[in-house]
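> Compute the structure for the input listed below.
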Amino acid sequence: MTAEFVTPAAGGGSPLPGKPLPYVLEAGEGERAHLFDQLFTVLLSGDETDGQFGVFTMEAPRGQAIPVHSHADVHEIFFVLDGKVRVVVEDGDGGRVDKVLTTGDFGYVPAGHRHTFRVESHRARTLGVNTGGFERFFAAAGERTSSTMPPAQPVVPSPEQLGDAARRYRNEFHFDAHLID
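From the prediction side, this is the model:
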């Protein structure tokens, strides 16, 4: 007997199964959210990996750097699928690593390191992997969407919404820190 892959939920529910099951998503499917000028699409969450990791994409036009932040217990990777993305990370000695990643480049931010990023090309797409659970931060801080494009106007959460999402998803903002000039 051959098992079937789970397919996306019908009727507006999450396209993710919510537990460890084999499944597939077609291009553009996933849990989508707009935050700032970016479209985040969660492809795999901590729910499907027993909390081990999550996978998402980010697509955005050239814009401002996201606020400097850190995650005490969340590791994060950036893999550039298309375009150029500047990633800046504080190293262990208080210095900074500043690198423009281009298509096919990979960057890793260990837990606890302050970091930020900014799209440097006309448009960019990245694949992100993080410690399980954090991938849901984007929808909590921004707004869920059915769109497959970045927002026409930036989605800027209220300080209360951003603060609540940060607490729930282990994200600490450092608004006084400036890593990108």
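
> part of a helix, is Ala140?
Yes. Assignment of Ala140 by DSSP: H, G, I helix; E, B strand; the rest coil places it within a helix.

> Can you give me the buried ones in whichever helix in the chain runs longest?
The longest helix of the chain (DSSP state H) is helix 159-168. Neighbour-count burial for helix 159-168 flags 162, 165-166 (criterion: 16 or more other CB atoms under 10 Å). In short, each C-beta sits where N, CA and C put it, glycine included.

> Then stretch 172-181?
For stretch 172-181, a neighbour-count test (16+ other CB under 10 Å) marks Leu179 as buried.

> what's in contact with it?
Identification of contacts with stretch 172-181 by CB atoms under 8 Å, 6 or more residues apart in numbering yields 65, 67-72, 86, 88-90, 96, 98, 114-116, 118, 162, 166.

> Okay, and which of those map to strands?
69-70, 86, 88-90, 96, 98, 115-116, 118 (DSSP state E).

> next structured bit after the longest helix of the chain?
Downstream of helix 159-168, the next assigned helix or strand under DSSP states H and E is strand 172-173.

> in its sheet, what does that following strand sit against?
Under the criterion DSSP bridges, strand 172-173 sits next to strand 69-70 (antiparallel) in its sheet.

> What are the contacting residues of the strand it pairs with?
112-116, 166, 171-174.

> Mind jotting down where the strands sit in this protein?
Along the chain, counting by DSSP E, strands occupy 31-35, 38-44, 53-61, 69-70, 76-82, 84-90, 96-102, 106-109, 115-119, 123-131, 143-144, 172-173.

> got the angle between the third one and strand 115-119?
Spelled out, it's strand 53-61. Angle, strand 53-61 to strand 115-119, by axes from the mean of the first three to the mean of the last three CA atoms, to 10 degrees: 40 degrees.

> Now strand 53-61: buried residues?
Residues 53-60 are the ones in strand 53-61 that count as buried (16+ other CB under 10 Å).

> Could you pull up the mean pLDDT of it?
Mean pLDDT, computed over strand 53-61, is 98.
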